[in-house]
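Novice: Turn this into a model:
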Amino acid sequence: MFCPRCGAECLPDHKFCKGCGAVVGAASGAPTAVPAPSPGAYQGASAAPPVYQGAHQAPYQATYQGAYQGTYQGAPAMPPEYQGLPVAPPGMVPVMYQAYPGGPQQVYYVPMQGAHPQGGGKFLEGIRAQIRNLASTDELEGFSLGQTFSQAFAKHGADEVEEYMMVGSSRTTPPIELVETGWPKPWMFFRLLILFVFANVALYGVWGFTGNTPLIPALMIMAAFAVPLATLVLVFEMNTPRNVSVVLVGKLFVMGGLAALCAVSFEYMTAIAGKVPGIVEETAKFAMVLLVVRGTRYKYELNGILFGAAVGAGFASFETTFYGLINAFLPTLIQSLQQMQAPAAINAAMQAMVDNLIVRGVLAPFGHVVWTAIAAGAFWRVKGGQPTSVGMLLDPRFFKAFLIPVAMHTLWDLSILLPNLSLIVNACLWIGTGLTSWYVLFGLVQQGLRQVKDEQQTQLQSTLANVEATLGLGAKRYAMQPQ
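Specialist: Now for the predicted structure:
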């Protein structure tokens, strides 16, 4: 049957049109014939849509070109990808999305007012549209921060906590039919973060009471690793196929630390690399992902996002350790020794290091972890279950998305190129780049969830076909269909 409002094809069991949302089927009480819209709704169109004489006739296939220009005066020409599709209903505009490369394409219609907001909303929507276009993602659907993190404060037993991380092996990976395809609701990351915060507060309190200097390295490492590891666990929980083991994640984490040491060493060898760390560091981290994961076992886009997050977390942890020691503790200690006694100088250096670690810890979720997750997720969108090849690196779907973390990293470190930037400007850059990065990452996660859902449907159809073939029901079922 076809929708009486927009002419989109609908299955008999559908109650609502997938295009415009109108009620269809028996519940609508509408006849099977689709009435012609008023001529005023298609001003400028080449011809008015014909009246459908039967439910089995194809919908009107005139292009959008005329109707689009007539509905939105002064609008640019309709993009080629929408030409040849059914004319949009009055007051509606088309929105096309593709869950993943090679997957099914779908067109939905949304109200023109919601699609083209006015004023500041229009400006922000334009920015989001440009970001989505660069990342090749769709607008987030059904996403809510409150719902996503609703389980963070819920009670979970000790057995559930232990079993939660036992995934990735042949015995612990759930079948694709049982994988959740809705937005994940992570909670383990919050427990780990609270544990790290408690450990750091305890170490700092003991050091303040005893002044024992061997506690300084322990506090520095614990604080540097706390937030990146908690953020990594958050992304780990978003990998709904649960086919990646903690062992592989740990290996990628260590390789991320190696990438940090190598990249930092290379940056300080040349003035250009030191001035633009985003290019060098993002390339080094992404190279480590490809170095560790080269096979075809992990085919999901969500897997790539997790691989990138693991390397980025390792990079962020080791880099924070480096900055806490080299940029905060040692310079303050050397300067203080010239003005005060050793115990007081150590206290001043310790306080400077703690302040540095706190700032970097608060900013850690918006940096290396999410940047490398974007790069690797975009690459896995192209790679899938195929062996890695050089041609994949040149694919526009990856290359354009890879420019996002490079650009975000460069803006984050803009104070290196422009040392006179104020703290307020830097804070705005950090907030803007951080929110943009997570917006892109959630878009990639949504694509990954759709990929899993499409595979579930394919698996279900294949299973149904096999059952029918085994029972000999296939020929009978098709014979019963009306000709």
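Novice: What is the neighbour count of residue 123?
Specialist: The tally of other residues near residue 123 (other CB atoms under 10 Å) stands at 11. In short, each C-beta sits where N, CA and C put it, glycine included.
Novice: What of residue 288?
Specialist: 29.
Novice: got the contact list for it?
Specialist: 252, 255-256, 258-259, 311 (CB atoms under 8 Å, 6 or more residues apart in numbering).
Novice: isn't there a strand covering it?
Specialist: No - the assignment for residue 288, made by DSSP: H, G, I helix; E, B strand; the rest coil, is helix rather than a strand.
Novice: for the contacts of residue 288, which one is nearest residue 221?
Specialist: Of all the contacts of residue 288, residue 221 sits closest to residue 256, with 15.4 Å by CB to CB.
Novice: what helix or strand does that closest one sit in?
Specialist: Using DSSP states H and E, residue 256 falls within helix 246-267.
Novice: What sits closest to residue 251 if chain neighbours are left out?
Specialist: If you skip the residues right next to it in sequence, residue 251 has residue 292 as its closest partner in space, 6.0 Å away by CB to CB, 6 or more residues apart in numbering.
Novice: Averaged pLDDT, the helix holding residue 256. What do you get?
Specialist: For helix 246-267, the mean pLDDT works out to 86.
Novice: Would you mind writing the CA trace of that helix as PDB?
Specialist: The C-alpha coordinates for helix 246-267 follow below in PDB (Å, rounded to 0.1, in the frame of the first residue of the first chain):
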ATOM      1  CA  VAL A 246      40.100  -6.300  28.100                       C
ATOM      2  CA  VAL A 247      43.400  -7.800  27.100                       C
ATOM      3  CA  LEU A 248      43.300  -6.200  23.600                       C
ATOM      4  CA  VAL A 249      42.200  -2.900  25.100                       C
ATOM      5  CA  GLY A 250      45.100  -3.000  27.500                       C
ATOM      6  CA  LYS A 251      47.500  -3.700  24.700                       C
ATOM      7  CA  LEU A 252      46.200  -0.700  22.800                       C
ATOM      8  CA  PHE A 253      46.400   1.400  25.900                       C
ATOM      9  CA  VAL A 254      50.100   0.700  26.300                       C
ATOM     10  CA  MET A 255      50.700   1.300  22.600                       C
ATOM     11  CA  GLY A 256      49.100   4.700  23.000                       C
ATOM     12  CA  GLY A 257      51.600   5.500  25.700                       C
ATOM     13  CA  LEU A 258      54.400   4.500  23.300                       C
ATOM     14  CA  ALA A 259      52.900   6.700  20.600                       C
ATOM     15  CA  ALA A 260      52.900   9.600  23.100                       C
ATOM     16  CA  LEU A 261      56.600   9.200  23.900                       C
ATOM     17  CA  CYS A 262      57.600   8.900  20.200                       C
ATOM     18  CA  ALA A 263      55.400  11.700  19.000                       C
ATOM     19  CA  VAL A 264      56.600  14.100  21.700                       C
ATOM     20  CA  SER A 265      60.200  13.300  21.000                       C
ATOM     21  CA  PHE A 266      59.700  13.900  17.300                       C
ATOM     22  CA  GLU A 267      57.900  17.200  17.800                       C
END
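Novice: Which strands or helices does it pack on?
Specialist: helix 215-238, helix 271-275, helix 277-292, helix 301-322 (3 or more CB pairs under 8 Å, 6 or more residues apart in numbering; DSSP states H and E).
Novice: buried residues in the last one?
Specialist: Just to be clear, that refers to helix 301-322. Using 16 or more other CB atoms under 10 Å as the test for burial, helix 301-322 gives 301-321.
Novice: can you pull the contacts of residue 200?
Specialist: Going by CB under 8 Å, 6+ apart, residue 200 touches 219, 222-223, 226.
Novice: ok, the residues you listed vs residue 186, which is closest?
Specialist: Nearest member of the contacts of residue 200 to residue 186, counting by CB to CB, is residue 226, at 16.9 Å.
Novice: Do I have it right that that closest one meets residue 196?
Specialist: Yes - between residue 226 and residue 196 there is a contact at 3.5 Å, judged by CB atoms under 8 Å.
Novice: who's more crowded, these two?
Specialist: When residue 226 and residue 196 are compared for neighbours, residue 226 comes out ahead with 22 against 18, by other CB under 10 Å.
Novice: Would you mind giving the domain segments of the protein?
Specialist: Using automatic domain parsing, the domain parsing of the chain gives 1-95, 146-465.
Novice: Just send the ones you listed back as a markdown table, with distance to residue 472 too.
Specialist: Shown next, in a markdown table, are those (distance: least, CB to CB, whole Å):
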| stretch | distance to residue 472 |
| --- | --- |
| domain 1-95 | 25 |
| domain 146-465 | 12 |
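Novice: hey, which of the ones you listed is tucked in deepest?
Specialist: The highest average neighbour count among these, using mean count of other CB atoms under 10 Å, belongs to domain 146-465 at a mean of 18.
Novice: Kindly check the end-to-end length of that domain for me.
Specialist: 40 Å (CA to CA, to the nearest Å).
Novice: which residues of the protein fall in strands?
Specialist: Assigned by DSSP state E, the strands in the chain fall at 92-98, 105-111.
Novice: burial measure for residue 141, as a count.
Specialist: Residue 141: 10 surrounding residues under other CB under 10 Å.
Novice: who's in contact with residue 410?
Specialist: 276, 278-279.
Novice: Nearest to residue 129, out of the helices and strands packed on helix 246-267?
Specialist: Taking these one by one with CB to CB, helix 301-322 is closest: 21.3 Å.
Novice: and that closest one, how far out from the chain's middle?
Specialist: 15 Å (CA atoms, centre = their mean, to the nearest Å).
Novice: same deal with stretch 329-341?
Specialist: 44 Å.
Novice: CA atoms of it as PDB?
Specialist: Extracted as PDB, the C-alpha positions of stretch 329-341 are listed here (Å, rounded to 0.1, in the frame of the first residue of the first chain):
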ATOM      1  CA  PHE A 329      56.900  19.800  39.500                       C
ATOM      2  CA  LEU A 330      60.500  20.200  38.400                       C
ATOM      3  CA  PRO A 331      60.400  23.900  37.300                       C
ATOM      4  CA  THR A 332      58.600  24.900  40.400                       C
ATOM      5  CA  LEU A 333      61.000  22.900  42.600                       C
ATOM      6  CA  ILE A 334      64.100  24.400  40.900                       C
ATOM      7  CA  GLN A 335      62.700  27.900  41.200                       C
ATOM      8  CA  SER A 336      61.700  27.400  44.800                       C
ATOM      9  CA  LEU A 337      65.000  26.000  45.900                       C
ATOM     10  CA  GLN A 338      66.500  29.400  45.200                       C
ATOM     11  CA  GLN A 339      64.200  31.100  47.600                       C
ATOM     12  CA  MET A 340      63.400  28.700  50.400                       C
ATOM     13  CA  GLN A 341      64.500  25.500  52.100                       C
END
